[in-house]
Structure formats: structure tokens, C-alpha cells
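>>> this is a predicted model, with the sequence first.
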Number of protein chains: 2
Amino acid sequence: MSARPREFKDTTVIDAAMEVFWEHGYEGSSAEKLCEHTGLGKGSLYNAFGSKHALYEKALKRYQELGIEGQVDILEQPGPVKDRLRSLMEWAIDQDFNGEERRGCLAINAAIERGGKDPVVASLVSGHIGRLEKALSQLIASGQRSGEISSKRPAIVLARSFLSSYYGLRVLGKVVEDRKVLEDVVEGTLAAL
Amino acid sequence: MSARPREFKDTTVIDAAMEVFWEHGYEGSSAEKLCEHTGLGKGSLYNAFGSKHALYEKALKRYQELGIEGQVDILEQPGPVKDRLRSLMEWAIDQDFNGEERRGCLAINAAIERGGKDPVVASLVSGHIGRLEKALSQLIASGQRSGEISSKRPAIVLARSFLSSYYGLRVLGKVVEDRKVLEDVVEGTLAAL
DNA sequence: TATATTTTGTAATGATCAGTACAAAAAAGG
DNA sequence: CCTTTTTTGTACTGATCATTACAAAATATA
């Protein structure tokens, strides 16, 4: 009593779908486009994931895994705390200035496109933000202990305003032509700590 | 040699269209929806504006006028400079926490949805940002002259990082449930000046 | 009032949308 | 090799997409 096995790995398909959603957004990603890019037929895609929205959720979760991993990697590099925070921002700038299309951050894209009217997406992105906030807060607290960062304000306040600045940077990165603007943001944000 | 006059005022229609784009984004705003909300038939709408994209451009320009006006109004209120900057941020938070839907800022929505692949939109939003940057920079410079704000960094750097923080705040406002998070951003950002 | 010109509403255009129906294909267990 | 079960590809669904075609309506001038 068994059956035909799948010809694909779920994670591979989700990764491919993530790329499509990242580049075209939720509404801009048609089922056809998703099939093309994942290599699946519609039958398989709907049989495996149920709906476009369900696949989008999987893609957001996958982005969360990968993205947090990558960003935390940067933050956990050796060296002064401020240098690590700078690396994170420089990495974000490079993301937007290398490559033709400015895809930005998928979590932010999702927040803006669907966060206001899609509670599931809002909660998913909120979780993503929470994780980054936690990593930043811990790093900043350690910087406060070592004296690299002023202890006048609680670490969580500093983490949250850094986070906000960082997300603003990613918005600006979508449209600003002059890299100097973004570099000023980096300088100003780090000087504030 | 003359003809039938229009039954609507362009600005009224653009204002109505702006609301639709604001709430549903560019792709989410169908021609039908735009007709419904503006009160025009399709014939009139296309005869007057040419295409959905052209109308979107008009709406963005209109938002720029209104939005900059409103924000600059807040920044030009009497009182300490930091209080005025705080008012701007609090106003943004209220925008997202009052009312069912979190529409956010139309310029940011446009930047995220279309900025990466639509040069016209990118340039429009970039102009919008430039105007806000200028207003902030002038205000901060005056704060530096009066001694309210540290002169350790150039006004433009402070303006740009405030701007980034402010835009980040508007992203967070789309998904974050806990207002305290946003208030921490305000506190941290102002303390940095 | 007749003519020229434009706006207006409606009905259509073909394309694309998300999702489904269904039969053929593929494998595992008996 | 036959049955059972699931996957797969294809063809299709009705809805909606942006846009256009076009005739009726409305106005200004002659």
C-alpha cells in the first residue's frame, strides 16, 4: 500500500519560489511564474503546497531562516562591536548596489505589501524582526559591558533604534541613486551609539 | 469649434485615486476599483489620464505635495527642535495605530513595490525623499546654531540618519503590534542627536 | 438650429489570474 | 503482474486584468 514518489525536494522548490516572491512580490508572482521557476507543473505545485499563499508563507519562513543566519553571522564576526554593526549595514548597501535589480529585503517587502492587511504575514514578519532585535540587543549589551558602547540608554532602546535605522536604510536603498546618502546614514547611526 | 466639458475636476479624481493606490498598492488597484472610487467611467478615466501608470504617477506627485506639506507643517511648529522631530515621529505612529488598516506612507509603499524595477517611480520617490531630507537638514542646522543639537556631526549626516530611522519606523509600524517598540525607536533616535 | 468636437457609458477585447478536474504515469506491496 | 496510492502534466474553469472601440450625449460656435 504505497505510491509514486515525488520528483522534487520541498526545500529546493521553496527556495526557488522565494526568489520569485522576492523579485516580484506576492501579487506580482503568478502561479505560472512560480511553476516556471520551480520547474513544477501546476498539478504538483498545488498538490504539494495547497495555495499560493501557503507557498508564500513557506518562502517567508525560509527567508527568515536564511536571512537571520546570514545577518547573525555578520554580527558574530570577531572585532569591535561597532565594526560589526557597520558590516551589517555595508552588507545591506552592497546587496542593493550590486546587481541590476534592487530586491531589497524580502521581510520588508512583505511587511509593506501585505503587512497592513494580512495578519499571517504581519505576524511572520514581526517574528523575523523580533529575532533580529534580540541578536542586536545582545550584541549591544556586550558592547556596553566592554565599554565600547555608552550605557546611558538601555540596550533594547539602542537595539530598536539601530534596527529602525537599518530598515530605513533598506528602504532608501530601493530608490536612492547616490551611495553617499546611505554612507551618511551608516556614519550617523554608528556615531549615535 | 468647441466641445462637451468634463464633468469632474482632475485634482478630485487624483485625490480619490491616491487613496486607492495608498490602500491597495499599484498592482492591487484595478481599473475597476479606480473607477468605482473616483466615480468616473472607464472611458473618462482613460481619456483623461491615458493609463493606470500615468494616473499612479499623478497620485504619487499629489501625495508628495500633500505629504511634504503636512510633514513640514509639523516641523515648522514653534518650540524646541527635538520636540518637533518627536512630533513628526509620533504623528507617524498615530497614523498606523489609529484606524483599522495600516496604510503606512505611500512614498515608501511605492519605493518597495515598484522602486526596484520602475525608474519613473524610483525617481519620483527619490525626489520626495530629497525634499524631506532638505527640510530636516535645515531644521537640524538651526538646532545646531541655537545649541539644542550637538554640532559634532554635519547637519546633513544627522538629517539623513534621522530620516532613515523615521522610514524604518514606518516599516515597523506596518507589522509591529507593540507600540512600546516604536516608542523606544523615538526615544533612541532623539537621544542620538 | 446645424456642425464640429469632445466626453461619457457600455460593451467588448484578448490576456492573464488562481485554482481544479482528471486521466495517464509511476512506484511499492501483495 | 496486478492492485493501490499518489504524483504528474494538461486542459480547463470562471473571474478578473488593463485597455480599447464606439455610439450616444453634451456643449460651443457658426
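On my side now, so go ahead.
>>> stretch A:96-107: which residues count as buried?
Across stretch A:96-107, burial judged by 16 or more other C-beta atoms under 10 Å in any protein chain shown covers A:96, A:102, A:103, A:104, A:105, A:106, A:107. (C-beta placed from N, C-alpha, C; glycine too.)
>>> so which of those is the closest to residue A:186?
Nearest to residue A:186 among the buried residues of stretch A:96-107 is residue A:96, at 13.1 Å by C-beta to C-beta.
>>> was I right to think that closest one contacts residue A:108?
No: here residue A:96 does not reach residue A:108: they are 11.6 Å apart, not a contact under C-beta atoms under 8 Å.
>>> common neighbours of these two, please.
Taking C-beta atoms under 8 Å, 6 or more residues apart in numbering or on different chains as the contact rule, residue A:96 and residue A:108 both touch residue A:170.
>>> tell me which element the closest residue to DNA strand D within chain A falls in.
Relative to DNA strand D, the nearest point of chain A is residue A:43 (2.3 Å; C-beta to the nearest atom of the strand). Per DSSP states H and E, residue A:43 falls inside helix A:42-49.
>>> for chain A, longest helix please?
For chain A, the helix with the greatest residue count under DSSP state H is helix A:119-145.
>>> check contacts around residue A:54.
Listed by C-beta under 8 Å, 6+ apart, the contact set of residue A:54 is empty.
>>> just the pLDDT for residue A:98.
The model reports residue A:98 with a pLDDT of 89.
>>> for chain A, which residues are neighbours of DNA strand D?
Taking C-beta under 7 Å from any atom of the strand as the contact definition, chain A meets DNA strand D at A:1-8, A:40-44, A:47-48.
>>> farthest pair in those?
A:1 and A:42 (27.4 Å).
>>> who has more neighbours out of those two?
Comparing residue A:1 with residue A:42 by other C-beta atoms under 10 Å in any protein chain shown, the one with more neighbours is residue A:42, at 11 against 2.
>>> what about residue A:121, neighbour count?
By other C-beta under 10 Å, neighbour count at residue A:121 equals 23.
>>> same question for residue A:67.
So residue A:67, with other C-beta under 10 Å, has 17 neighbours.
>>> quick one: contacts for it?
Taking C-beta under 8 Å, 6+ apart as the contact definition, residue A:67 lies against A:105, A:106, A:107, A:128.
>>> hmm, try it at 7 Å
By C-beta atoms under 7 Å, 6 or more residues apart in numbering or on different chains, the contact set of residue A:67 is residue A:107.
>>> that one sits in which helix or strand?
Here residue A:67 sits within helix A:52-75, counting by DSSP H and E.
>>> just want the angle from that helix to helix A:42-49.
Angle, helix A:52-75 to helix A:42-49, by axes from the mean of the first three to the mean of the last three C-alpha atoms, to 10 degrees: 60 degrees.
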